[in-house]
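>>> Kindly generate the corresponding structure for this input.
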Amino acid sequence: MIIYYLIDKNRLRKTAQAATTLLFFSIFQLVFQPLIFAGNSLEKTAAEYRLRGYEEQQRGNLERALEYYTKALAFGEKNAVVFNDIGVLYEQMGLLKKAEENYLRSISVDPQYLPPYTNLAYLYKGQGDTRLAAQYFQQRLEQSSGDDPWYKRIEEELIAVNPGYRKQKIRREAEDLHREMVEKVRDEFSLSITRAEKHYQKGEEHLRAKQYDEALKEFDHALSVTPNNPKIIRAKEEALYEKALLEAKIRTQDAAHMLERGELEAARDEYKKILATIPEEPFQKSE
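Got it, this is the predicted structure:
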């Protein structure tokens, strides 16, 4: 009896140890295994799941593809690409309402991502809703850049479901062309004013230095750019006036020398010419 008791006691001790160990592993599994699983799962990126989903979708395994796409969303941030892929998948499965919902989610996550606009437009077109089809075809165009390879095709689709778009496009292009022409003319005019002002300033410098021929050249250049500029016209008139006075003084000196030499007839003719070139009234400078 004593020996049996000892053996039985040892068995109880071993059984208790086994139970404790089992309890420990059970707790470990309940607490730590989900964390380990989650950690391993998080190592698989959303891109990897999406790729698997795409591969399954190409094989025709739509439910399997949906499972991978769902995991891509679960282990990654909200992704417009994945929502769009799920929308395509649902559309292939004939679940058009769910397809629509996911296309719209894709757009809400990233309005710059273009495929869901096109997919929604074709979805609505297939349902005979040309108004919504036109709306999303147009939004696709508005979001597109100049190098969008789909642009021409989408534009043709938009014209097909909304013939009035062609007239809108022509009117918009005409308005853009008019605006470009106005801006070009304004820019050219501004540039002309700048060039004319430079010639005017150089002319003023020559005028102050009594270099009248050089001043007149600069003023003529300025007037060739802005013909009706009153400031430049008046500056040229002043240069002509000052030049005429200077020439009259020089010729008067020449005529005086003729008188000193006794060349009376020649002096008389020179004075007549001088009188013809002298301005009738003095030049009135602006204040």
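
>>> from here on, contacts and neighbour counts on C-alpha atoms
Fine.

>>> In terms of secondary structure, what does the lengthiest helix in the chain contact?
Taking DSSP state H as the assignment, the helix of the chain that covers the most residues is helix 164-208. Contact here means 3 or more Cα pairs under 8 Å, 6 or more residues apart in numbering; DSSP states H and E; on that basis helix 164-208 packs against helix 151-161, helix 212-225, helix 230-260.

>>> what is the mean pLDDT for it?
In this model, helix 164-208 has a mean pLDDT of 80.

>>> how about a markdown table for the helices and strands packed on helix 164-208, with mean neighbour count, distance to Asp187 and mean pLDDT added?
Supplementary listing: the helices and strands packed on helix 164-208 in a markdown table, determined by neighbours: other Cα atoms under 10 Å; distance: least, Cα to Cα, whole Å; pLDDT from 0 to 100:
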| stretch | mean neighbour count | distance to Asp187 | mean pLDDT |
| --- | --- | --- | --- |
| helix 151-161 | 17 | 32 | 90 |
| helix 212-225 | 21 | 14 | 90 |
| helix 230-260 | 17 | 21 | 87 |
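
>>> any chance of those helices in TSV, with distance to Ile274 too?
Rendered in TSV, the data for the helices and strands packed on helix 164-208 read as follows (distance: least, Cα to Cα, whole Å):
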stretch	distance to Ile274
helix 151-161	77
helix 212-225	18
helix 230-260	6
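
>>> Tyr124 is nearest to which of those helices?
For those, proximity to Tyr124 was assessed by Cα to Cα; helix 151-161 is nearest, at 10.7 Å.

>>> Check the offset of the closest one from the chain's centre.
A distance of 23 Å separates the centroid of the chain from that of helix 151-161, by Cα atoms, centre = their mean, to the nearest Å.

>>> Dump it to PDB, restricted to CA.
Included here for helix 151-161 are C-alpha records, laid out as PDB according to Å, rounded to 0.1, in the frame of the first residue of the first chain:
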ATOM      1  CA  TYR A 151      -7.600  60.800 -73.800                       C
ATOM      2  CA  LYS A 152      -8.600  60.600 -77.500                       C
ATOM      3  CA  ARG A 153     -10.600  57.400 -77.000                       C
ATOM      4  CA  ILE A 154     -12.400  58.800 -73.900                       C
ATOM      5  CA  GLU A 155     -13.200  62.000 -75.800                       C
ATOM      6  CA  GLU A 156     -14.700  60.000 -78.600                       C
ATOM      7  CA  GLU A 157     -16.800  58.000 -76.100                       C
ATOM      8  CA  LEU A 158     -17.900  61.300 -74.500                       C
ATOM      9  CA  ILE A 159     -19.000  62.700 -77.800                       C
ATOM     10  CA  ALA A 160     -20.900  59.500 -78.500                       C
ATOM     11  CA  VAL A 161     -23.000  59.700 -75.300                       C
END
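
>>> Good, we can wrap up now.
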